[in-house]
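Asks: Kindly generate the corresponding structure for this input.
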Amino acid sequence: MFHSGSDNFLLAEDGTELLSQNKRSFGIEYLDDATGGILPHDLVLIGAGSGVGKTEIACRIALANLDRGKRVHYIALEAEPREIERRIKYQMFAEKYYSDPEHPKQSINYRTYALGEMSVEMKAYMESVLDGAESRLARFKTQYKSGDYGLNQFVESVLYASGDTDLIILDHIHYFDLDEKENENAAVKAIIKMARRLALEEGVPIVMIGHMRKSNRGAIRDLVPSMEEFHGSSDLYKIATKVITFSGGSFVMGEGYETFF
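Replies: As a prediction, the model looks like this:
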């Protein structure tokens, strides 16, 4: 069915205003500036190599939007039960720790936190995080993988959440269970295409995390994976509305670790 171009033209201004009011955030100022944030019908594809911090950035996106009053649903296909909540609690702790100019000058990371290897001084910051944490996380829902999770289960998850969420995060694409008879590249592409369709039809942005293929990057110009390096079909990035790849860099004294986007 065709629609009147004149009617749509008149409604376009309202649509523009609606987009600006309903933006979601990446929780990283640079990414929000560079991409305009996460818009209501976006399908965002985020990729990095193994161990670079894909789940960490997904949790950062979740927490940033919770702090803006948004409802977030997180589908965790790789994580163990309650890991995402632990990671978000750690980010809240790190936020509190580094915002205090008097904090003990100790290096902290998620592994140290998860293993309980913190000093008494550090634990005091953790206790302060617990105050108010319940209200910050009241709009947060997680779904962990139990049994097979394929394309049909993904559609069910999105349709179930769509009426009660402002953002869906899936971590990550390459942990879908595929039929042995399926071509992996074609199956992953079908998942991305379905995610794009659901984002449009349900009006809910979807952020999907994915693996990058291994590559021998050495020169600075090749420091960050290219969009074509997503594991699977080389044209996944053509389906998404926004694509972000990143890699880690060196430790800079007084500044922390570099991240290249």
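Asks: how about the helices in the stretch 151-261 of the chain?
Replies: Along the stretch 151-261 of the chain, the stretches classed as helices by DSSP state H, counting those that start in this stretch are 151-162, 184-202.
Asks: The last one vs helix 151-162, what angle?
Replies: Computed with axes from the mean of the first three to the mean of the last three C-alpha atoms, to 10 degrees, the direction of helix 184-202 lies at 20 degrees from that of helix 151-162.
Asks: which residues touch helix 184-202?
Replies: Helix 184-202 has contacts (C-beta atoms under 8 Å, 6 or more residues apart in numbering) with 41-43, 45, 151, 154-155, 158-159, 162, 170, 173-174, 176, 178-179, 204-206, 208, 231-233, 235-236, 239-241. Glycine gets a C-beta too; all of them are placed from N, C-alpha and C.
Asks: Equivalent analysis for stretch 28-43, please.
Replies: Contact partners of stretch 28-43, identified using C-beta under 8 Å, 6+ apart, comprise 18-19, 22-26, 44, 57, 60-61, 167, 192, 195-196, 199-200, 203-208, 239-242, 244, 261.
Asks: Is there a neighbour count for the closest residue in space to residue 223 that isn't next to it in sequence? I'd like the number.
Replies: Excluding the flanking residues, the one nearest residue 223 by C-beta to C-beta, 6 or more residues apart in numbering is residue 260, at 5.4 Å. Neighbourhood size, residue 260 [other C-beta atoms under 10 Å]: 12.
Asks: Drop anything exposed from the contacts of helix 184-202.
Replies: 41-43, 45, 151, 154, 158, 162, 170, 173-174, 176, 178, 204-206, 208, 231-233, 236, 239-241 (16 or more other C-beta atoms under 10 Å).
Asks: taking these one by one, which sit in strands?
Replies: Residues of these located in strands (DSSP state E): 43, 45, 170, 206, 208.
Asks: what are the bridge partners for the first one, then?
Replies: This means residue 43. As for beta bridges, residue 43 partners with residue 206 under DSSP bridges.
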